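J.: No sequence on hand, only this structure:
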């Protein structure tokens, strides 16, 4: 009888332990390959050097993955240096460097020159990516994917509050 009782206790103990699962398990989405298809779309700057941006200052960028006349283009709407929206266009490129990893660089339309920096893209996921200035690895930007640029920003009617 003692043996049966011990077996039953052991059975219930094993059954109890196997039925429990860890609900606190964090699932991390795998990173994506940095390529034109995976970065195509609209992104907004959600964090810059550890500080989340509020709605008063914004930077939206849309990457077009299909090349036109051999160049892939982007559109930026931002108000970092203006009270209203500035619309900036240009072309961009991606390259892979053995030492630095995946790098994005670009140039502005209308003979305005190249971007002031090249950026290392890391942790590209379906909804976010991190850019680090190649020349200053302490300058880090987090971009979050969004469905579109808000209409009031495109129209230039969003007011800084």
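T.: Perfect, I can see it now. These numbers come from a predicted model, not from an experiment. Residues are numbered from 1 along each chain as shown.
J.: got the contact list for residue 106?
T.: Neighbouring residues of residue 106 by C-beta atoms under 8 Å, 6 or more residues apart in numbering: 74, 90-93, 114-115. Quick note: C-beta positions are derived from backbone N, CA and C, even for glycine.
J.: same deal with residue 35?
T.: Residues in contact with residue 35, defined by C-beta under 8 Å, 6+ apart, are residue 94.
J.: returning to that earlier point: out of the contacts of residue 106, what pair is the most spread apart?
T.: Across the contacts of residue 106, the longest distance by C-beta to C-beta is 13.1 Å; it joins 74 and 114.
J.: Those two: which has the busier surroundings?
T.: Shown here are residue 74 and residue 114; by other C-beta atoms under 10 Å, residue 74 has more neighbours (19 against 11).
J.: surely that one meets residue 94?
T.: No. If you go by C-beta atoms under 8 Å, residue 74 and residue 94 don't touch, sitting 11.8 Å apart.
J.: ok, the contacts of residue 106 vs residue 146, which is closest?
T.: residue 74 (14.8 Å).
J.: Am I right that that closest one is in a strand?
T.: Yes. Assignment of residue 74 by DSSP: H, G, I helix; E, B strand; the rest coil places it within a strand.
J.: Which neighbours in the sheet does the helix or strand harbouring residue 95 have, and how are they oriented?
T.: Secondary structure from DSSP states H and E places residue 95 in strand 86-97. Here the strand partners of strand 86-97, with direction, are listed using DSSP bridges: strand 72-78 (antiparallel), strand 101-108 (antiparallel).
J.: and the shortest one, how far from the chain's centre?
T.: Here the centre of mass of C-alpha atoms in strand 72-78, compared against the chain's by C-alpha atoms, centre = their mean, to the nearest Å, lies 15 Å away.
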